[in-house]
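Undergrad: Pasted the sequence and its predicted model underneath.
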Amino acid sequence: MESSSRFIGICCALLIGGALCLTMPIKTSHTSSYASLLQVVDPSIPDVSGMNSPLEPPRITAEAAVIYDPLQNEFLYQKNAQKPLGIASISKIMTAIVALERVGENDIVEIHASAIKTEGDEGALSDGEHFTLQNLIALMLATSSNDAAVAIAEHVGSLYGASSFEESQQMFVRFMNETAQKIGLENTHFKNPTGLDIDEEAGIVSNTSTAEETARLLGYALRYPTIYMMRQTPSILVSEEGREHPVSFTHALITNEAGVISGKTGFTDTAGGALATVTEIPVGKLSIVVVLNSTRTDRFDDTLRLLDWLRLPR
């Protein structure tokens, strides 16, 4: 199908673009202009618009999906929007929020062996390396590094009095759930900072939310432009020791689909494929697209169909 062909083309473009690595500082996100506008939007106030467009909605494979306008607090499209599902690594959006609300973005985070032991080696972190929080968040969100998420949680927890690695993780998860409650996400629950399944063999996911609340979470996160520098993230990030870390985006649409400015992937065998996407579609209008419990590849096709629907004249 056309959307599948587009996704394959995007993946090819990413492979080619990955060879053109340039080292540069992270620039201020153009989404920062939304931050002041979002201060007046309370995400805890429920939207009552439902699916308010007369256009025929697209057919998607995801179990749940929404299109959300965070400035108007309005949902343009909904499918099983309030059904709790696993969100996998989309959880790292909350990890970034919690860190930025408690630690300065220029704070130096040390990577410990306890973080390196986490499942997955995305980001290629090494024991004893140091990063600014801003750069580590950028690496975590772009590459979906579990090591980076755990290192951030360990750093924040230690600053707030945790005396062990385990205590730092527990404290950070408490902060995540407190933040979810603060912004009115009643059906969003976290058990770790990564989104990894608690028990993959038993089919038990760790972190859950609804498509509606996941979209609200991303809308809230736009208050923190550091989180949404992804389209401007350099292709190499450098640790304080000068070690280069190539950046390969897991969200294939960010640099290769017109109008997409940021987002986060999520996938585990239990949670399925999840994708959260921040767009300026139509041009100049902020929209957030979330799909949950799709497949590893169909989450991109589903999102492309929703983006095409969003572009239709109304």
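TA: Yes, it's here.
Undergrad: Where does the prediction get shaky in the protein?
TA: Within the chain, the set of residues satisfying pLDDT under 70 comprises 1-54, 122-123, 200-202, 229.
Undergrad: Which parts of it are strands?
TA: In order along the chain, the chain carries the following strands (DSSP state E): 64-69, 74-79, 85-86, 108-110, 130-132, 208-209, 236-238, 244-246, 260-268, 272-280, 286-294.
Undergrad: what about residue 104, neighbour count?
TA: Counted by other CB atoms under 10 Å, the residues lying close to residue 104 total 11. C-beta coordinates here come from the backbone N, C-alpha and C atoms, glycine included.
Undergrad: and the longest helix for this structure?
TA: Ranked by residue count, the top helix of the chain under DSSP state H comes out as helix 165-182.
Undergrad: Any buried residues in that one, and which?
TA: Across helix 165-182, burial judged by 16 or more other CB atoms under 10 Å covers 165, 168-173, 175-177, 179-180.
Undergrad: Nearest to residue 80, out of those residues: which one, please.
TA: When these are compared for distance to residue 80 (CB to CB), residue 180 wins out at 19.9 Å.
Undergrad: ok, the nearest residue to that closest one once chain neighbours are set aside to residue 263 distance?
TA: By the measure of CB to CB, 6 or more residues apart in numbering, the closest residue to residue 180 outside its immediate chain neighbours is residue 188, 4.5 Å from it. Distance of residue 188 to residue 263, computed by CB to CB, to the nearest Å: 18 Å.
Undergrad: ok, now residue 246?
TA: With CB to CB as the criterion, residue 246 and residue 263 are 20 Å apart.
Undergrad: Have a look at the two and say which one is more surrounded.
TA: Set residue 246 next to residue 263 and count neighbours by other CB under 10 Å: residue 263 wins out with 26 against 14.
Undergrad: Please name the bridge partners of the residue most central in space within the chain.
TA: By CA atoms, centre = their mean, the chain has its centre lying nearest to residue 264, at 3.1 Å. Following DSSP bridges, residue 264 is listed with bridge partners residue 276.
Undergrad: Now residue 238: closest residue in space that isn't a chain neighbour?
TA: What sits nearest to residue 238 in space, not counting adjacent residues and going by CB to CB, 6+ apart, is residue 244, at 5.6 Å.
Undergrad: Give the burial count for the one you found, as a bare number.
TA: Other residues within reach of residue 244 by the criterion other CB under 10 Å amount to 13.
Undergrad: That one touches residue 234, doesn't it?
TA: No - between residue 244 and residue 234 there is no contact, the gap being 10.3 Å when judged by CB atoms under 8 Å.
Undergrad: hang on, the earlier thing: compare the strands of the chain and give me the one nearest residue 93.
TA: Among the strands of the chain, strand 260-268 sits nearest to residue 93 (CB to CB), with 5.4 Å.
Undergrad: mind exporting that closest one as PDB, just the C-alpha atoms?
TA: Listed in PDB are the C-alpha atoms of strand 260-268, where the atom choice follows Å, rounded to 0.1, in the frame of the first residue of the first chain:
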ATOM      1  CA  VAL A 260       6.500  16.000  11.900                       C
ATOM      2  CA  ILE A 261       8.600  17.800  14.500                       C
ATOM      3  CA  SER A 262       9.000  15.300  17.400                       C
ATOM      4  CA  GLY A 263       7.700  12.100  19.000                       C
ATOM      5  CA  LYS A 264       8.600   8.900  20.700                       C
ATOM      6  CA  THR A 265       8.500   5.200  19.800                       C
ATOM      7  CA  GLY A 266       7.500   2.300  22.000                       C
ATOM      8  CA  PHE A 267       7.600  -1.400  21.400                       C
ATOM      9  CA  THR A 268       7.700  -4.600  23.500                       C
END
